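Enquirer: For reference, the sequence and a predicted model appear below.
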Amino acid sequence: MKTVFYKHIELDAELEELRSIFEKNNIYYEVSSPETIIDKSIVGSGMFAKYTLKLLPKDFNKANKLIRNSLESMGLNIEDFKHLEDLDNNELLEIIENPRDWSVEAEIVARKILEKRGIKINEQAIINKRENKKLEFQNGKSVSGMIQFLYFIAIVLGFYLSVAFIIAGIGMGYYYAYGTRVDEEGNKFFVYNEKARTNGKFIFYIGILSFFIQMYLLFKIDIF
């Protein structure tokens, strides 16, 4: 089974803590440091995560529970997340409702801040909203038909301007049709909904056909 993206990590201390947790509990992991085409001295180091952590999908739930238990047992200092105190109650609830978009630490602190404010959290409502978000995630994102049409136009323009336009259309067509993502439990789903995937397949295969035709026209290679 192949490892997939689990989370980005900015701090060395956080990475070492996770290493310790995973090694003690026999969780296989991989850590990489993203390479960038543009030098960080130009765009700034804050543009990129320092580390990328990958896990086996089957270990996501176990890892989530271990991290949560570790954080709750050692305690979290709200002062380290001072910026969250500037959020209103609805924004803090959004953090709790969308754990995949934030972090376990942010969720725990959001709960503590709401508790300090005297706000009672409706756990059943949180569960219901998480289930709705999960269903939306599984069904995939929608995408504007106009945007996809523009990639088809790019393929057409590739015959007159540059083969790079065709390659761009092929790349995006493939992503629309076959791109996948993983939820917080390690389950893999298509990024886009069925309609977007159908359009993506059309763009992808038309792009592939166009590419070979363009190569034939440019180099007069008998590919048939």
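Expert: That came through, no problem. Computed from a prediction, not measured in an experiment: that's the story for all the values here.
Enquirer: Please count neighbours and contacts with C-alpha atoms only from this point.
Expert: Will do.
Enquirer: which other helices and strands contact the longest helix seen in the chain?
Expert: Secondary structure of the chain per DSSP state H: the longest helix is helix 194-219. Where contact means 3 or more CA pairs under 8 Å, 6 or more residues apart in numbering; DSSP states H and E, helix 194-219 is packed against helix 145-157, helix 163-178.
Enquirer: Burial check on the nearest residue to Phe211 once chain neighbours are set aside, number of neighbours?
Expert: Nearest non-adjacent residue to Phe211, counting by CA to CA, 6 or more residues apart in numbering: Ile166, 6.4 Å away. Ile166 has 28 neighbours, counted by other CA atoms under 10 Å.
Enquirer: Contact partners for Ile166?
Expert: Ala154, Ile155, Val156, Leu157, Gly158, Phe159, Gly207, Ser210, Phe211 (CA atoms under 8 Å, 6 or more residues apart in numbering).
Enquirer: And the pLDDT at it?
Expert: At Ile166, the pLDDT value in this model is 94.
Enquirer: for Ile223, same thing?
Expert: Value for Ile223, per-residue pLDDT: 48.
Enquirer: for Leu218, same thing?
Expert: pLDDT, Leu218: 75.
Enquirer: What of Ala13?
Expert: On the pLDDT scale, Ala13 gets 80.
Enquirer: Surely it is in a helix?
Expert: Yes. Under DSSP: H, G, I helix; E, B strand; the rest coil, Ala13 sits within a helix.
Enquirer: re the thing from before, can you list the buried residues in the longest helix of the chain?
Expert: For helix 194-219, the neighbour count (16 or more other CA atoms under 10 Å) marks 194, 196-204, 206-208, 210-211, 214 as buried.
Enquirer: and the angle from it to helix 163-178?
Expert: With axes from the mean of the first three to the mean of the last three CA atoms, to 10 degrees applied, the angle from helix 194-219 to helix 163-178 works out at 150 degrees.
Enquirer: and helix 194-219, how far out from the chain's middle?
Expert: Helix 194-219 sits 26 Å away from the centroid of its parent chain (CA atoms, centre = their mean, to the nearest Å).
Enquirer: returning to that earlier point: what is the nearest of the buried residues of helix 194-219 to Lys65?
Expert: Using CA to CA, Glu194 comes nearest to Lys65 of the buried residues of helix 194-219, at 32.7 Å.
Enquirer: ok, the closest one - contacts?
Expert: Asn139, Gly140.
Enquirer: ok, now how distant is it from Gly140?
Expert: 8 Å (CA to CA, to the nearest Å).
Enquirer: Which of the three states applies to Gln124?
Expert: Gln124 - assigned by three-state DSSP - is helix.
Enquirer: ditto for Val143
Expert: coil.
Enquirer: now Glu185
Expert: Three-state assignment for Glu185 (three-state DSSP): coil.
Enquirer: Off-centre distance for stretch 128-140?
Expert: For stretch 128-140 - counting by CA atoms, centre = their mean - the centre lies 15 Å from the chain centre.
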